[in-house]
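1. Just to be clear, the model below is a prediction. Sequence and coordinates:
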Amino acid sequence: MEIKILGTGCPKCKTLEKLTREVVAETGIEANISKVEDIMQIMNYGVVSTPALVVDEKVVIKGRVPSANEIKQILTR
């Protein structure tokens, strides 16, 4: 699984990255997690409001920080 956190480094972006990493560690999901901070790359995903969570190149959450439980549900579908 390929997971990307889109965000320029704001507190919400950092929170989303932290929660995502915690959920992946807790569930034992095999995933590569990367942070995308370049605004042009972020815009290529059609995201205008960060943070955003991208799983296998599909934007699943944008413009808000989900709960850890919501992230877990998305990643374990």
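-> Here it is on my side, so go on.

2. Please make it C-alpha for all contacts and neighbour counts, starting now.
-> OK.

3. Could you list the buried residues of stretch 1-11?
-> Taking 16 or more other CA atoms under 10 Å as the neighbour-count basis, stretch 1-11 is seen to contain the buried residues Ile3, Lys4, Ile5, Leu6, Gly7, Thr8, Gly9.

4. same check, this time on stretch 21-35
-> Neighbour-count burial for stretch 21-35, counted by 16+ other CA under 10 Å, picks out Arg21, Val23, Val24, Ile33, Lys35.

5. can you tell me the distance between the two ends of it?
-> Taking CA to CA, to the nearest Å, the span from the opening residue of stretch 21-35 to its closing residue is 11 Å.

6. Start at 13, not 1
-> Fine by me, first position is 13 from now on; the one you just mentioned is stretch 33-47.

7. now what about that stretch, what contacts it?
-> Defining contact as CA atoms under 8 Å, 6 or more residues apart in numbering, one finds that stretch 33-47 is touched by Met13, Glu14, Ile15, Lys16, Ile17, Leu18, Gly19, Glu29, Ala80, Ile83, Lys84.
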